[in-house]
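J.: what's the 3D shape of this:
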Amino acid sequence: MEQNNGLEGQFVYFNHKKLKIGYTTGSCAAAAAKAAVRTLLTGIEQEEAAIRTPKGIELHLVTEDMQICHTADGSIESVSCAIRKDGGDDIDATHGALIYASVRKADTAGVTIDGGFGVGRVTRVGLDQPVGNAAINHVPREMITEAVEEICREQGYSGGISVEISVPKGEEIAQKTFNPRLGIVGGISILGTSGIVMPMSEKALVDTIRVEMRMHHENGGEYLVLTPGNYGERFASEMPDLVRTYEMKYSNFVGETLDMAVDMGIKGILIVSHIGKSIKLSGGIMNTHSHEADCRAELMGAAAARAGADGDLIRQILETNTTEDALDILHEAAPELFERTMQEILKKIEYYLDARCAGKMQIGAVIFSNTYGKLGETGQVQELICKLKMQG
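T.: Okay, here's the model as predicted:
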């Protein structure tokens, strides 16, 4: 029989689907540390640990792989145990990973926390922790400290406790996360501001984008290259004059990414995007995910109409399923019309990007097609390329 962990009946709905919520690596680390310290101070192996998350949900998490090391005189020297991460129905690289806490008494008063194998190290400024620290963010550190201090008070222990968090498969898992891009080496980060994982959380992704942008900015990136994803990144890599030292992905969150750039004082952004995403910008759509808006054929048809296309051609464009199909129709009709349509699209993209930034930042866009290559660029692109080059 599956043991209740405190999340029974806790669901969110996404695209009409009922999704289970989970708990963070930070919650796992705090629960593991609590169980290990209670075992250390009582000598009684703990089968579970109860913690209250910052969100207010109490979790009861089962321990695994409890290991007790004794000194020569038989007293307990150290204890380690693990909690298995459960991300619920979220798409989560750390789901199922074992998060270990190893604890021992220390000469230094208070609770000291460090990362062991599989927990990353910070190598760049601008992240939650200083350079050199283990990538255990401040909320998980607070959760671990609170959990350990609770047991120390309960057992009347006033000495210090040393806690080391480790993740045996952390290095492997980290390759599926943002950590290599953020300059966090050697493993995963121990994360979580609420202690709870909300499946398909757009907020979590936007928060990750903000972390990466802050890191770039504090390391000297006043001008950034942004792409929606792998297609854009690959095309940017083939632009011979483009310096991509400060490059990052924004997924579908164009508007929110530009807003945070303005707030941080970023001076300029160059967007490199496939027309399948960027065509939506020509209609002022600042979240390009299909569940927010589509209108790709309609926007292409409107641009073609402004460029002089006749009704029959516009109707053909409106019946296409992809922007690449629409481009084929335009190109076959007349190369000159193709070029004029791209210019119409770029004018609208420039207008809406400038409007979103409210004149507080330079903004430019390069759009491309898998078939036709570069389709064009907005007016400030070459100046931005020069500034990116000077920035290095």
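J.: switch to C-alpha atoms for all contacts and neighbour counts from now on
T.: Will do.
J.: how about low-confidence regions in this structure?
T.: Counting by pLDDT under 70, the chain has low-confidence residues at 1-3, 6, 8-18, 200-201.
J.: Asn230 - how many residues pack around it?
T.: Neighbours of Asn230 under the rule other Cα atoms under 10 Å: 12.
J.: next one: it from Val272, what distance?
T.: Relative to Val272, Asn230 is positioned 11 Å away (Cα to Cα, to the nearest Å).
J.: do the same with Glu171
T.: 31 Å.
J.: what of Val211?
T.: 21 Å.
J.: and the two? which has more neighbours close in?
T.: Per other Cα under 10 Å, whichever of Val211 and Val272 has more neighbours is Val272, with 26 against 17.
J.: which parts of the helix or strand hosting Gly376 are buried?
T.: Per DSSP states H and E: Gly376 is located in strand 373-377. Neighbour-count burial for strand 373-377, counted by 16 or more other Cα atoms under 10 Å, picks out 374-377.
J.: do stretch 295-309 as well
T.: Across stretch 295-309, burial judged by 16+ other Cα under 10 Å covers 296-305, 307, 309.
J.: mind giving me a markdown table with the residues you listed and columns for distance to Ile345 and secondary structure?
T.: What follows is those, written out as a markdown table (distance: Cα to Cα, whole Å; DSSP: H, G, I helix; E, B strand; the rest coil):
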| residue | distance to Ile345 | secondary structure |
| --- | --- | --- |
| Arg296 | 11 | helix |
| Ala297 | 12 | helix |
| Glu298 | 12 | helix |
| Leu299 | 8 | helix |
| Met300 | 8 | helix |
| Gly301 | 10 | helix |
| Ala302 | 9 | helix |
| Ala303 | 6 | helix |
| Ala304 | 9 | helix |
| Ala305 | 11 | helix |
| Ala307 | 10 | helix |
| Ala309 | 14 | coil |
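J.: which is the next helix or strand following the longest helix along the chain?
T.: Assignment by DSSP state H gives helix 335-357 as the longest helix of the chain. Per DSSP H and E, the first helix or strand lying C-terminal to helix 335-357 is strand 362-369.
J.: what's the burial count for Lys20?
T.: For Lys20, using other Cα under 10 Å, the count is 20.
J.: just Asp128 next, same as before
T.: Around Asp128 there are 16 residues (other Cα under 10 Å).
J.: and for the one 5 residues further on?
T.: Other residues within reach of Asn133, judged by other Cα under 10 Å, total 17.
J.: tell me the contacts of it?
T.: Counting by Cα atoms under 8 Å, 6 or more residues apart in numbering, Asn133 touches 114, 121-122.
J.: would you turn those residues into JSON lines with distance to Leu330, neighbour count and secondary structure?
T.: Shown next, in JSON lines, are those (distance: Cα to Cα, whole Å; neighbours: other Cα atoms under 10 Å; DSSP: H, G, I helix; E, B strand; the rest coil):
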{"residue": "Asp114", "distance to Leu330": "60", "neighbour count": "16", "secondary structure": "strand"}
{"residue": "Arg121", "distance to Leu330": "51", "neighbour count": "24", "secondary structure": "strand"}
{"residue": "Val122", "distance to Leu330": "50", "neighbour count": "24", "secondary structure": "strand"}
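J.: TSV please, covering these and showing distance to Leu318.
T.: Below are the contacts of Asn133 laid out as TSV (distance: Cα to Cα, whole Å):
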residue	distance to Leu318
Asp114	58
Arg121	51
Val122	50
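J.: out of the residues you listed, who's nearest Glu77?
T.: Proximity of those to Glu77 (Cα to Cα) peaks at Asp114, which lies at 17.9 Å.
J.: pull up the overlap in contacts between Asn230 and Val272.
T.: The overlap between the contact sets of Asn230 and Val272 (Cα under 8 Å, 6+ apart) is empty.
J.: all strands for the stretch 201-350 of the chain, in order.
T.: Under the criterion DSSP state E, counting those that start in this stretch, strands of the stretch 201-350 of the chain are mapped to 223-227, 247-249, 268-274.
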